[in-house]
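In: Sequence and predicted structure, then a few things I'm wondering about:
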Amino acid sequence: MGIFSRFADIVNSNINAILDKAEDPEKMVRLIIQEMEDTLVEVRSTSAKTLAEKKELARRVEQLNQEAQQWQEKAELALVKDREDLARAALLERQKSSDAAASVEKELEHVESHIEKLQQEVATLQDKLADAKARQKAIVLRQRSAESRLEVKKALDSSKVEDALNRFERYESKIDGLESQVEAYDLGKKSLSDEIADLQKNEQVDDELAALKKKLANKE
């Protein structure tokens, strides 16, 4: 089973629990990243054990090949000494060592293939983890922005804003009334400046009237 299959099994239950509780995306993203990091730690530990197993198998193959070579040399020595029976027995032992070495080599090939796939999946998971971390900040910002906009929408749609505007309009009307009362109170009253201005206007009218009389008199 690949990393991602096992990783899905690890996080699915937690993610489903979060969705059932309607938790926010920020928490879900943090959980996914944490699970991915935990999975990487677990897989790296497994990889280390597998690599150690590979080294042990390689040593075993080398040992069996050496044993086979030693039995080969013993068989040759036995023939030189005219001990065909010992040579035959030595060759049988050599065959056993060779067969065991071949069997361990197959197991070693399987382990090497497993390690290669494991390394590929780890590299992919690392890329996905880096991408998730890079996108985490953007997701958090989007969530907070959406939450802020939602709060504004709720505030605008609530009766509190409408009530506040109505009170504001009532205050404006009250101030308008007060200003009207002040203006009504001062209506008909003239200040010193107003009275002097009226005198100036009357004097100007008198001058114009005198000039007009003089003009008519000259015509006669």
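Out: That came through, no problem. Residues are numbered from 1 along each chain as shown.
In: For the residue nearest the centre of the chain, give its distance to Q72.
Out: In the chain, the centroid-proximal residue (CA atoms, centre = their mean) is Q136; its distance is 1.2 Å. Going from Q136 to Q72 by CB to CB, to the nearest Å gives 63 Å. Using the backbone N, CA and C atoms, a C-beta is placed for each residue, glycine as well.
In: swap in E116?
Out: Taking CB to CB, one finds E116 at 34 Å from Q72.
In: burial count for L64?
Out: 20 (other CB atoms under 10 Å).
In: One more: K27?
Out: When neighbours are counted by other CB under 10 Å, K27 registers 12.
In: repeat for the one 4 residues further on
Out: Close neighbours of L31, defined as other CB under 10 Å, add up to 16.
In: next one: the one 5 residues further on
Out: Under the neighbour criterion other CB under 10 Å, M36 is assigned a count of 21.
In: what's the answer for the one 5 residues further on, then?
Out: Neighbour count for V41, taken as other CB under 10 Å: 10.
In: which ones are touching it?
Out: Listed by CB atoms under 8 Å, 6 or more residues apart in numbering, the contact set of V41 is empty.
In: Could I get the pLDDT score of it?
Out: Per-residue confidence at V41 stands at 86 (pLDDT).
In: what about it, which helix or strand?
Out: helix 25-80 (DSSP states H and E).
In: and what of K137?
Out: helix 84-157.
In: Tell me which residues of stretch 119-130 come out buried.
Out: Neighbour-count burial for stretch 119-130, with 16 or more other CB atoms under 10 Å as criterion, is recorded at 121-122, 125, 128-129.
In: Let me see the mean pLDDT of that stretch.
Out: Mean predicted lDDT for stretch 119-130 stands at 85.
In: who's in contact with the residue nearest to the centre of the chain?
Out: Q136 makes contact with 29-30, 33, according to CB under 8 Å, 6+ apart.
In: Now tabulate those in JSON lines and tack on neighbour count and distance to I175.
Out: Formatted as JSON lines, the contacts of Q136 follow (neighbours: other CB atoms under 10 Å; distance: CB to CB, whole Å):
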{"residue": "V29", "neighbour count": "18", "distance to I175": "53"}
{"residue": "R30", "neighbour count": "13", "distance to I175": "54"}
{"residue": "I33", "neighbour count": "16", "distance to I175": "58"}
